[in-house]
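Enquirer: how would this look folded up:
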Amino acid sequence: MKKRLTIILIVAMLAMSFNSHPVYGDQLDDIIAAGKIVIGADTTYPPFEFLNDSQVAVGFDVDLAKEIASRLNVTAEIKTVNWDTIIPQLKNGEFDIILSAMTITEDRSKEIDFTRPYYNSSQAIMVAAGNPKNIQGESDLNRTDIVVGVQRGTTSDFYITNKTSEDNILRLDDFTLLYQKLELGEIDVILGDFPVVAYAVKTGQVNGEVVTTFGSVEQFGIGVRKGETRLLEKLNEILNAMLKDGTYDEIFGRWFSTGASGESSQAETKSSPFDQSSLVLGLVFLSIAAIVRRRRKVKA
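Expert: Here you go, the predicted model:
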């Protein structure tokens, strides 16, 4: 009797331990069965994902998500998530994938799996219009007379940490709030992904300018839970197909002024197909910024 009771208790404890953590089957099958794919995104990051005037999620990543859903014959549901908790929420099963301009890093890859890169970016330095503190490049970021603003938990945050005093760093959860801080003079620099800050200048979202880009290429990937091999393979298959048939270029052209992302054949090479367009876009905006600065100096 005691032996049987012990066995029952062991089985019960094992059951409780399993139930205390999310248990997943094949996520791809679950998505197909549900008829929708739920995408976790921090919708404060235009032009990748943001809420329009009607509070509907739009952006480059959102259009990619809708196209992926269409090719899976399901609908796309965008779930707004705080960036700082987006990976834990994915792991807890609160949504199916992360599609939110997330840089593939070694640390993140220990927690989740990533698809092939779908976008290349770089770090950029934005300052207020007129560049009142005369900030020219990466070496200025550790100056004691400037405050650098970043979004909490991003690669920009990781970069600036330990590069300067904590008193000279402002971290916010909502990236777009940094634009207000810059215009109010509460920060002197916004450090972020180049396409994001360049888009803000281009659309008049902030009265600022991009002075330079720096660092190695940062590659964005779609995040899935560890072990979801079939879902990961399917997403890679869809991304490759979109690159080959021109759909990716069409979506890219809606949100980035340089239009196409480059030759579709580049998808077959080891390099990402987005390097060329990112470089061109950077040169365009930096050229505009240089012209504006020269004109201001002439007027002065």
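Enquirer: Pull up the distance across stretch 83-100, start to finish.
Expert: From the first residue to the last, stretch 83-100 extends over 9 Å; the measure is C-alpha to C-alpha, to the nearest Å.
Enquirer: Quick one: mean pLDDT for that stretch?
Expert: pLDDT averaged over stretch 83-100 equals 97, rounded to a whole number.
Enquirer: what's the answer for stretch 212-223, then?
Expert: The predicted confidence, averaged over stretch 212-223, sits at 92.
Enquirer: Look up phi and psi at Gln123.
Expert: Here the main-chain torsion angles of Gln123 (degrees, to the nearest 10) amount to phi -70, psi 150.
Enquirer: That one: what's it in contact with?
Expert: Thr155, Ser156, Tyr159, Leu191, Gly192, Asp193, Phe194, Thr213, Phe214, Gly215, Glu218 (C-beta atoms under 8 Å, 6 or more residues apart in numbering). In this view, the C-beta of every residue, glycine as well, is placed from N, C-alpha and C.
Enquirer: switch to 7 Å and redo it
Expert: When the contact criterion is C-beta atoms under 7 Å, 6 or more residues apart in numbering, the partners of Gln123 are Ser156, Tyr159, Leu191, Thr213, Phe214, Gly215.
Enquirer: So the third one sits against Val148, correct?
Expert: Pointing back at Leu191 there. Yes - counting by C-beta atoms under 7 Å, Val148 is a contact partner of Leu191 at 5.6 Å.
Enquirer: which neighbours do those two share?
Expert: Counting by C-beta under 7 Å, 6+ apart, the residues touching both Leu191 and Val148 are Ile160.
Enquirer: Which residue lies nearest the spatial centre of the chain?
Expert: For the chain, the residue whose C-alpha lies nearest the mean C-alpha position (C-alpha atoms, centre = their mean) is Ala101; its distance is 1.7 Å.
Enquirer: what secondary structure does that one sit in?
Expert: Recorded secondary structure, Ala101: coil (DSSP: H, G, I helix; E, B strand; the rest coil).
Enquirer: mind listing what it touches?
Expert: Contacts for Ala101 (C-beta under 7 Å, 6+ apart) come out as Tyr45, Phe48, Asp61, Asp193, Phe220.
Enquirer: Which residue ranges of the protein form strands?
Expert: Across the chain, reading from the start of the chain, the strands by DSSP state E fall at 36-41, 44-45, 49-51, 57-58, 75-80, 97-98, 112-114, 119-128, 148-151, 169-172, 189-193, 208-220, 223-225.
Enquirer: Could you name the helices and strands sitting against the fifth one?
Expert: Spelled out, that is strand 75-80. Contact here means 3 or more C-beta pairs under 7 Å, 6 or more residues apart in numbering; DSSP states H and E; on that basis strand 75-80 packs against strand 36-41, helix 60-71.
Enquirer: Now do the first one and strand 75-80, the angle between them.
Expert: This points to strand 36-41. Between the axis of strand 36-41 and that of strand 75-80 there is an angle of 30 degrees, by axes from the mean of the first three to the mean of the last three C-alpha atoms, to 10 degrees.
Enquirer: Averaged pLDDT, strand 36-41. What do you get?
Expert: 98.
Enquirer: Point out where this protein drops to low pLDDT.
Expert: When residues are selected by pLDDT under 70, those of the chain lie in 1-25, 257-300.
Enquirer: picking up where we left off before, want to throw the strands of the chain into JSON lines with distance to Thr105?
Expert: Formatted as JSON lines, the entries for the strands of the chain read as follows, by distance: least, C-beta to C-beta, whole Å:
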{"stretch": "strand 36-41", "distance to Thr105": "17"}
{"stretch": "strand 44-45", "distance to Thr105": "17"}
{"stretch": "strand 49-51", "distance to Thr105": "19"}
{"stretch": "strand 57-58", "distance to Thr105": "24"}
{"stretch": "strand 75-80", "distance to Thr105": "22"}
{"stretch": "strand 97-98", "distance to Thr105": "13"}
{"stretch": "strand 112-114", "distance to Thr105": "9"}
{"stretch": "strand 119-128", "distance to Thr105": "13"}
{"stretch": "strand 148-151", "distance to Thr105": "15"}
{"stretch": "strand 169-172", "distance to Thr105": "18"}
{"stretch": "strand 189-193", "distance to Thr105": "14"}
{"stretch": "strand 208-220", "distance to Thr105": "9"}
{"stretch": "strand 223-225", "distance to Thr105": "11"}
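Enquirer: Many thanks, we can stop here.
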